[in-house]
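Colleague: Kindly return the folded structure for what I paste below:
(chains A and B)
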Amino acid sequence: MNLRGAGVSPGVGTGPAYVLTGAVPEPPADSTYEGPPEPERERAVAALGQVAGELEARGNRAGGEAKEILKAQALIAEDPGLVVGVKALIDQRVAAPRAVYQAFAKYRDMLVRAGGYLGERVADLDDIRDRVIARLTGHPLPAPPPVAGTGEPYVLIAVDLAPADTALLSKEAVAAFVTEAGGPTSHTAILSRAMGVPAVVACPGATEIPAGTRVLVDGNTGEVRLEPTESDIAQHVSAHEARRRRMTTGGPGRTRDDFRVQLLANIGGPDDLDEALAAGAEGVGLYRTEFLYLGRTEAPSVAEQEAAYRAALAAFPGGKVVVRTLDAGADKPLAFLPSAAPEANPALGERGLRLFERFPEVMAAQLEALSVAAAVNRSGAVRVSAAAAELQVMAPMVATAQEAHWFTDACHAKGLPQAGVMIEIPAAALRAESLVTVVDFVSIGTNDLAQYAFAADRHSAALGALQDPWQPALLDLIAMTATAASDNGKPCGVCGESAADPAMACVLVGLGVTTLSMGAAALPAVRTGLGAHTLDQCQLAAQAARGAATAAHARAAARSHLPGLVELGL
Amino acid sequence: MAERKVTVAAEVGLHARPAATFVQTALKAPMDITVSKGVTGQPVNGKSILQILGLDVRQGEDIVIKAEGEGADEVLDALAAIAGTA
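Modeller: So this is what the prediction gives:
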């Protein structure tokens, strides 16, 4: 049997199937048990204790902040109020799994009603509950093992994957990802490209693959083959190798007629620099700085931040590093940046630059650290007679020219000459003309821009079609921004996942975008695809895409003007 | 019955780490411990992290901690110190 989906991360992976089942099913409401209540009570209490022990042990292994968090989760599993509730339900002849479910429900309702910070703990509570129920019913746990049990990397198969499922995974554990849901901008796609692991998404029927079956996943073609023969594997691997040999891994980004387009990497911290360099990035186009802040009880010091920023500058002498200031908010709450009021709709709440308006001292410290990093890096570069990397700083979640002005003024005052903003709110794209005149550059975040333009939650698999980067309305907003930037002589980058698609990359260049930033793994294909076409072809492809009525037609129309992509197998 | 009234000092209120530390300490005590929000609030079990979280005590709000029996004062002092520390 063979399945097919959309290849979103190139490469070929084989291994035994590890099927991640969905959520643990709710135990039936009328479930009862045979025999006396005592053993049933003991069984339930033992399961609660085992889950608490397991959470605590996992925390001890992870250490640091994870240890604290998991210790608190362990306390929940053994909460005396919960234990009393479970026992009381069992005494009323309710079977242990259902008793656990109902006892948790009482607290769950309380958290849901409270909303805000407590509302966000509901997922934690559900996770603990499901672990306990899974122990009682023997249902497999919906969590991928961080290391392969057999020592061989497995193919992780799921309906969809949350970032929490995959946070602890590595290339050593996972040979490939296959999901039934998701699209090119899903978490699975983004994460697998960042990990350099092949992935196929939108693959119906994948979770019916029996666990342990050998699976071959071709992230280029989207093929998923069960029980592949040696010659199947060899054939797919050699096709991938041939494709890879055609990829240009180094050199500056340019069209066939030598129009320069800087190709940059998106990174989440200094750990990602090696991969960016290996993929031939000319710099960093999006340095997400949240990693310095998340899970902390107080803001990181200027010295600590400075070191992390300087590492990126030092990695790209003569290149460019674009740092995005802290993008936290109600969906990623930080203890030292409490929200003013509970937010029912965090994506539309006080996040990004909006939070800085209430905590200017946190912004001042980050800009200070960036300024020091740039100065130290410059003097280091002078010592070795090298060109220093150019530092650009940009703010997320900017809606108006006034906000952009406020931020660029703050940067300039700190001695940061290159200050810009992300264009990810439709209002900013619509008034791009007035924004670009007060900043030094702009960078379009296509993922959030699509989410806000289409009123479609990024995390909703059901709304994936509206998140399609080929949606003509999204292309219009990008064109509007790029035109305003170019009319005013300001650089305009794209740092969303759409830049990772070689066809879209050509279209973006055709729309007037001057730099492209993406997960490092996508750079060779984008560099090669761009090098196979002239600027003229890119512009025709962009026009054709904007002239289409649907996302699918836009993609097809663009590709018809980019014949090199087919030849390259892109 | 001994009691302590404390103003919660942590920025996150009696949530997250302060709540966990509080409950871990309460669990070590041999006697029952209750916590109420304000003087008039409904008392909850101080050894239950879920009930403590459910009180939703924010920074600057008062809680009353009660315990009875031998060593109650020491236990209450320790708990009051946790709640009253930023």
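Colleague: now the helices for chain B?
Modeller: B:16-28, B:49-55, B:72-83 (DSSP state H).
Colleague: Need the residues that contact the last one.
Modeller: I take that to be helix B:72-83. The contact list for helix B:72-83, computed with C-beta atoms under 8 Å, 6 or more residues apart in numbering or on different chains, reads B:2-4, B:6, B:8-9, B:14, B:18, B:21-22, B:25-26, B:29, B:31, B:33, B:46, B:63, B:65-67. The way it works is simple: take the backbone N, C-alpha and C, and place the C-beta from them, glycine included.
Colleague: Rounded mean pLDDT for stretch A:341-349, please.
Modeller: With pLDDT averaged residue by residue, stretch A:341-349 scores 83.
Colleague: hmm, I was thinking of stretch A:411-423
Modeller: On average, stretch A:411-423 scores 97.
Colleague: Secondary structure class of A:Pro417, three-state.
Modeller: Here A:Pro417 is recorded as coil under DSSP: H, G, I helix; E, B strand; the rest coil.
Colleague: distance of A:Leu169 from A:Thr32?
Modeller: 40 Å (C-beta to C-beta, to the nearest Å).
Colleague: Just the helices from the stretch 1-150 of chain A, written as ranges.
Modeller: A:37-62, A:64-77, A:80-91, A:96-114, A:116-120, A:122-137 (DSSP state H, counting those that start in this stretch).
Colleague: ok so, going back, comparing A:Leu169 and A:Thr32, which residue is more hemmed in?
Modeller: Neighbours were counted for A:Leu169 and for A:Thr32 using other C-beta atoms under 10 Å in any protein chain shown; A:Leu169 has more, 21 against 12.
Colleague: ok, A:Gln537 touching A:Cys506?
Modeller: Yes: at 7.3 Å, A:Gln537 counts as touching A:Cys506 under the criterion of C-beta atoms under 8 Å.
Colleague: Looking at these two, which one has more neighbours?
Modeller: A:Cys506 (34 against 20).
Colleague: Which elements pack onto the helix or strand where that one lies?
Modeller: A:Cys506 belongs to helix A:502-511 when assigned by DSSP states H and E. If contacts are counted by 3 or more C-beta pairs under 8 Å, 6 or more residues apart in numbering or on different chains; DSSP states H and E, helix A:502-511 sits against helix A:472-487, strand A:515-518, helix A:523-531, helix A:535-547, helix A:551-560, helix A:564-567.
Colleague: Can you give me the neighbour number for A:Gly531?
Modeller: 18.
Colleague: Let me see the contact set for it.
Modeller: A:Thr248, A:Gly253, A:Arg254, A:Thr255, A:Arg256.
Colleague: Just the buried ones among the residues you listed, please.
Modeller: Taking 16 or more other C-beta atoms under 10 Å in any protein chain shown as the criterion, what is buried in those is A:Thr248, A:Gly253, A:Arg254, A:Thr255.
Colleague: thought the first one was touching A:Gly529?
Modeller: No: look at A:Thr248 against A:Gly529 with C-beta under 8 Å: they stay out of range, at 9.7 Å.
Colleague: overlap in contacts of A:Gln537 and A:Cys506?
Modeller: A:Leu562.
Colleague: Contact residues of the stretch 201-350 of chain A facing chain B?
Modeller: Residues of the stretch 201-350 of chain A lying near chain B by C-beta under 8 Å from any C-beta of the partner chain: A:Thr297, A:Ala335, A:Phe336, A:Pro338.
Colleague: For the residue lying closest to A:Gly222 once chain neighbours are set aside, which residues count as its bridge partners?
Modeller: The shortest distance from A:Gly222 to any non-neighbouring residue, by C-beta to C-beta, 6 or more residues apart in numbering or on different chains, is to A:Gly7 (4.0 Å). Going by DSSP bridges, A:Gly7 is paired in beta bridges with A:Val200.
Colleague: Tell me the residues on chain B that lie near chain A, please.
Modeller: Going by C-beta under 8 Å from any C-beta, the residues of chain B near chain A are B:11-12, B:15-17, B:19-20, B:23-24, B:45, B:47-51, B:53-54, B:56.
Colleague: what's the burial count for residue 49?
Modeller: Went with chain A since none was named. Residues lying near A:Gly49 (other C-beta under 10 Å) number 15.
Colleague: please go with chain B instead
Modeller: Using other C-beta under 10 Å as the criterion, the residues surrounding B:Ile49 number 29.
Colleague: what do you get for A:Gly512?
Modeller: A:Gly512, neighbours per other C-beta under 10 Å, totals 20.
Colleague: Hmm, it is touching A:Ala485, no?
Modeller: Yes: counting by C-beta under 8 Å, A:Gly512 does reach A:Ala485; the two are 7.2 Å apart.
Colleague: Quick check: chain neighbours aside, which residue is closest to A:Arg431?
Modeller: Nearest residue to A:Arg431 in three dimensions, chain neighbours excluded: A:Ala401, at 6.5 Å (C-beta to C-beta, 6+ apart).
Colleague: can you tell me how far that neighbour sits from A:Val439?
Modeller: From A:Ala401 across to A:Val439, the span is 9 Å (C-beta to C-beta).
Colleague: How about A:Leu449?
Modeller: For A:Leu449, the distance to A:Val439 - C-beta to C-beta - is 17 Å.
Colleague: can you check A:Asp160 too?
Modeller: On the measure of C-beta to C-beta, A:Asp160 and A:Val439 end up 37 Å apart.
Colleague: quick one, which of the two is more surrounded?
Modeller: The neighbour comparison of A:Asp160 against A:Val439 (other C-beta under 10 Å) goes to A:Val439, with 23 against 18.
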